[in-house]
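*Asks:* need coordinates for the below:
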Amino acid sequence: MIDKNVKNELISIIVPVYNVEKYLSECIDSLIYQTYSNIEIILIDDGSTDSSGDICDNYSKKDKRIKVIHKENTGLSDSRNIGINQSKGNLITFVDSDDIIDTTMIDVLYKNMQKENADISIIAYTLLTKSGNKYPLFPNIYMTLNSKDAIDYSYRMRYFSVSACGKLYKKHLFNNIKYPVNKICEDQYTTYKLFYKSNIIVYDSSPLYFYRRRKSSIMNSKISNSFDCILSSKEVLKFTTKIYDSPIESVRLNYVLFCLLFYNSSILKNTFFTRPNKYTTKIIKKNKKLLLNTHILSNFKKIQILIFLYLKPLYVLLYKTFSFFRNLNYFE
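*Replies:* Numbers count the residues shown, from 1 in each chain. This is a model prediction of the structure:
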């Protein structure tokens, strides 16, 4: 049973903000109307050039729980790190400023954390599309995990991801851990370390975090110019192989699939024949057996990989077509 006195525990919600004037008010509204009211909302304006900074200031005048920090543009990781340092709560969570959360999300995360005496509490995502549809991304399940299993499940693509959002953390986990500045895939560089430091992680598939997929998001706009996602996935693979004496299949798959993702991004820029793509193709071919025999990937994904391996011109054409229709349903 949850101690009612613990209900007074302060939870810090950290929200990096950069040029999201179109979505910011909806995001902040979803925070201030949480059923769990003992929160502080830290809005870090990362040098926005639109009206986002003014929107933050206006909300801080209406709700004393809101704290606004204005700074020069140094990126998402630095904003999160500043938010952690400035937070007063022993529990923290992150929300992206173009997303929204269900009014019960903080309450559910907190109650599950207390119930299981967990270090991290996780809920599931719902994908918001431009057409107004909502797509829960994961199957219905509730489970507690140790650190190794949490790392494994975060890469199985059926439960939860390594994203910083949709999770409630005990703040002490971030002692000596920071989000890497000037890196893409900053979550992948960080989340596995937080899992490793945790004794118990609880996961509830209630789809209470609403993720808005945008064309201008960091992952969509910069991944084609960065090798960071491959390097970060390789770092996780090396770490887990060393700690647990053998590779975790899902982590190994993640490394190979990020190589494929990097190649996919190059298709849209017509940069197939670069040295990085030769490297990624080599990694994919080297792990062909793993890709085709694993039970983690769907048959559809395996067909995609076969086309990549043996009919690459067709693969390029199909991916360009797929990307065109997918982008029609992205937010701007």
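*Asks:* any idea how far residue 59 lies from residue 33?
*Replies:* 12 Å (CB to CB, to the nearest Å). From N, CA and C alone the C-beta is placed, and that goes for glycine too.
*Asks:* between the two, which one's more packed in?
*Replies:* residue 59 (20 against 10; other CB atoms under 10 Å).
*Asks:* who does the strand ranked longest in the chain pair up with?
*Replies:* Longest strand in the chain by number of residues, with DSSP state E as the criterion: strand 201-212. Strand pairing for strand 201-212, using DSSP bridges, gives strand 100-101 (antiparallel), strand 120-128 (parallel), strand 142-145 (antiparallel).
*Asks:* distance to residue 109 for these - can I get that in TSV?
*Replies:* Rendered in TSV, the data for the strands paired with strand 201-212 read as follows (distance: least, CB to CB, whole Å):
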stretch	distance to residue 109
strand 100-101	10
strand 120-128	4
strand 142-145	13
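*Asks:* next one: the longest strand of the chain to chain centre, how far?
*Replies:* In terms of CA atoms, centre = their mean, to the nearest Å, the centre of strand 201-212 is set 11 Å apart from its chain centre.
*Asks:* also stretch 58-78?
*Replies:* With CA atoms, centre = their mean, you get 21 Å for stretch 58-78.
*Asks:* same question for stretch 74-84.
*Replies:* 15 Å.
*Asks:* name the element the closest residue to residue 304 other than its chain neighbours belongs to?
*Replies:* Counting by CB to CB, 6 or more residues apart in numbering, residue 304 lies nearest to residue 315, which is 7.6 Å off, once chain neighbours are set aside. In this assignment (DSSP states H and E), residue 315 forms part of helix 312-327.
*Asks:* now do the buried residues in that helix.
*Replies:* Neighbour-count burial for helix 312-327 flags 315-316, 319 (criterion: 16 or more other CB atoms under 10 Å).
*Asks:* equivalent analysis for stretch 35-43, please.
*Replies:* Result for stretch 35-43 [16+ other CB under 10 Å]: buried residues 36, 39-43.
*Asks:* burial of the residue nearest to residue 168 when sequence neighbours are not counted, as a residue count?
*Replies:* Residue nearest to residue 168 in three dimensions, not counting chain neighbours: residue 109, with 3.9 Å by CB to CB, 6+ apart. Neighbour count of residue 109, defined by other CB under 10 Å: 29.
*Asks:* the helix or strand where residue 109 lies to strand 201-212, inter-axis angle?
*Replies:* Following DSSP H and E, one finds residue 109 within helix 105-116. Angle, helix 105-116 to strand 201-212, by axes from the mean of the first three to the mean of the last three CA atoms, to 10 degrees: 170 degrees.
*Asks:* tell me which other helices or strands helix 105-116 touches.
*Replies:* strand 11-17, strand 91-94, strand 120-128, strand 167-170, strand 201-212 (3 or more CB pairs under 8 Å, 6 or more residues apart in numbering; DSSP states H and E).
*Asks:* got TSV for those strands, with mean pLDDT, mean neighbour count and distance to residue 242 too?
*Replies:* Output for the helices and strands packed on helix 105-116, formatted as TSV (pLDDT from 0 to 100; neighbours: other CB atoms under 10 Å; distance: least, CB to CB, whole Å):
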stretch	mean pLDDT	mean neighbour count	distance to residue 242
strand 11-17	98	25	31
strand 91-94	98	23	28
strand 120-128	92	23	22
strand 167-170	98	22	24
strand 201-212	94	22	21
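*Asks:* now distance to residue 153 too, for the ones you listed, in a markdown table please.
*Replies:* A markdown table is the format used below for those (distance: least, CB to CB, whole Å):
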| stretch | distance to residue 153 |
| --- | --- |
| strand 11-17 | 24 |
| strand 91-94 | 19 |
| strand 120-128 | 10 |
| strand 167-170 | 13 |
| strand 201-212 | 7 |
